[in-house]
Structure formats: C-alpha cells, structure tokens
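just a sequence and a predicted model for now, questions to come.
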Amino acid sequence: MALDRQRIVAEAVALLDAEGLDGVTTRKLAARLGVQSPTLYWHLPNKAALVTAIADAILDQEFTDRSPPGPDQHWQDWLGDLAQRLRRALLAHPDGARVISAAQLSRAMAAISELAMSTLVARGVSLGQARVIVLTVERFTVGHVLEEQAPRPDAEALKGFDLAAFTEQHPTVVAAITDYFQPGRTVDDLFRDCLDVVIAGAASKAAAR
C-alpha cells in the first residue's frame with residue numbers, strides 16, 4: 001500500500017488510541033508503517049505537524065456535519081450541542097484534549113470556531129462578544145476534558161491520605177460532591193450543568209450590550 005499523508009495520520013490516531021499522546025513518536029509511527037522515520041518528513045515535517053494532523057482527524061470524525069442552527073433553534077441551545085459534540089470528539093481518544101491543546105493552527109478547530117462565531121453574529125451578537133463567547137465555551141470544554149482524562153491518583157499518591165481529616169478541613173467541598181452525585185448522576189450531567197451556566201451567563205451579557 002502506498003504511503004500517503006492520509007494513511008500516516010490514520011496510523012498515528014491508532015497509535016494514540018493504543019499508547020496515548022506520550023507514546024506517539026515518529027520512531028514508533030514509522031515502525032508501525034514499516035518505513036524509516038525520515039520518510040514521514042516528506043508528508044509531515046515535524047512532531048508539531050503530526051499532532052495537528054491528529055487533532056484535525058479527531059475533530060473530523062465527529063464533525064462530519066457543520067450546519068448552522070435551524071431558524072427556530074436558539075443559538076444558546078445550538079452552541080451547547082456543539083460543545084457536547086466537541087467533548088465527545090475529545091473523549092473518543094486517549095489524551096484527546098491534550099492533542100487539541102497542543103495542536104498548532106488546527107484547520108478543523110478553526111472551522112468549528114468560524115461556524116460558531118458566524119452563527120452568533122448572524123443571530124445579532126456583536127463580533128467581539130461572539131468571539132469571547134465561543135472561545136470561553138471551547139476552552140471550558142477542552143479544560144473539562146483535560147481534567148476528565150488526567151490520570152487518577154494511584155496507590156502511591158493516596159498513601160497516607162486521611163479522608164476523615166480532609167472532610168473535616170473541607171466540609172462544604174465534600175458535602176457538595178456528595179450532594180451532586182446522587183445515584184444515576186454522572187460526570188456527563190456535571191458537564192452539561194456547568195456548560196449551561198457558562199452559556200447562560202454569556203447570553204445574559206450579550207443581551208445587555
């Protein structure tokens with residue numbers, strides 16, 4: 001099979017899924033493709049270009065449809081759906097949020113931002129406010145997933161951790177966590193609730209301008 005950019009990127013995404021971002025190296029990628037590392041540089045000149053290509057591939061998998069909202073759909077609801085799609089795209093791959101954060105001039109991320117900002121402007125939001133709102137929603141989403149995908153504390157990290165003492169020192173924090181995560185409630189609900197706060201605040205501020 002001929003080696004082309006599409007095949008390289010597909011194999012890079014498979015390597016990401018297998019080993020996470022730290023395991024994505026040109027040496028390992030070349031070995032999976034059965035070529036020498038310098039061969040890859042004809043298609044992707046450096047690691048930064050490779051990471052950006054992976055980011056574009058991850059986003060393109062989820063965002064096959066980049067349509068604006070229908071005439072009867074509020075932009076707030078549509079933007080919330082867009083953020084949830086972005087979260088799904090990142091969660092679909094190990095270190096997905098790290099990949100997007102490290103990408104340089106991602107074509108796919110720029111297309112998503114263009115769609116979101118132009119949609120808000122078309123609905124009467126000023127250009128400046130549209131940019132701030134979209135950046136806030138995007139960065140909240142990526143940051144949320146970064147935390148979701150961060151390694152959990154291992155046994156060594158938890159050694160000596162005194163939960164009773166922690167609870168005594170931070171009673172409201174522990175009570176709030178316990179209260180929120182009632183049976184059946186998940187981190188998906190937490191993301192949606194936090195996102196609603198972000199978008200509602202943005203909409204209120206935009207309306208006041």
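Arrived safely.

check the offset of stretch 188-203 from the chain's centre.
Centroid separation between stretch 188-203 and its chain, computed with CA atoms, centre = their mean, to the nearest Å, is 16 Å.

list the buried ones in that stretch?
By neighbour count with 16 or more other CB atoms under 10 Å, stretch 188-203 contains the buried residues 191, 195, 198-199, 202-203. (C-beta placed from N, C-alpha, C; glycine too.)

and for stretch 146-161?
So, applying 16+ other CB under 10 Å, buried residues of stretch 146-161: 146, 149.

would you put the C-alpha positions of that stretch in PDB?
Output of stretch 146-161 as PDB, limited to C-alpha atoms (Å, rounded to 0.1, in the frame of the first residue of the first chain):
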ATOM      1  CA  LEU A 146      -8.400  17.600  30.200                       C
ATOM      2  CA  GLU A 147      -9.400  17.000  33.800                       C
ATOM      3  CA  GLU A 148     -11.600  14.000  32.900                       C
ATOM      4  CA  GLN A 149      -8.700  12.400  31.000                       C
ATOM      5  CA  ALA A 150      -6.000  13.200  33.600                       C
ATOM      6  CA  PRO A 151      -4.500  10.200  35.400                       C
ATOM      7  CA  ARG A 152      -6.400   9.200  38.600                       C
ATOM      8  CA  PRO A 153      -4.400   9.100  41.800                       C
ATOM      9  CA  ASP A 154      -2.600   5.800  42.200                       C
ATOM     10  CA  ALA A 155      -1.900   3.800  45.300                       C
ATOM     11  CA  GLU A 156       1.400   5.700  45.900                       C
ATOM     12  CA  ALA A 157      -0.300   9.100  45.700                       C
ATOM     13  CA  LEU A 158      -3.000   8.000  48.100                       C
ATOM     14  CA  LYS A 159      -0.600   6.600  50.600                       C
ATOM     15  CA  GLY A 160      -1.100   8.500  53.900                       C
ATOM     16  CA  PHE A 161      -4.200  10.300  52.600                       C
END
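
relative to the whole chain's centre, how far out is the helix or strand of the chain with the lowest mean pLDDT?
Across the helices and strands of the chain, mean pLDDT, DSSP states H and E gives its lowest value to helix 155-158, namely a mean of 84. Relative to the chain's own centre, helix 155-158 is displaced by 28 Å; criterion: CA atoms, centre = their mean.

following element in sequence after that helix, please.
Helices and strands here follow DSSP states H and E; after helix 155-158, the next one along the chain is helix 163-169.

mean confidence for that following helix?
Helix 163-169 shows an average pLDDT of 94 in the prediction.

hang on, isn't residue 192 packed against residue 84?
Yes - the pair residue 192 and residue 84 qualifies as a contact (CB atoms under 8 Å) at a distance of 7.3 Å.
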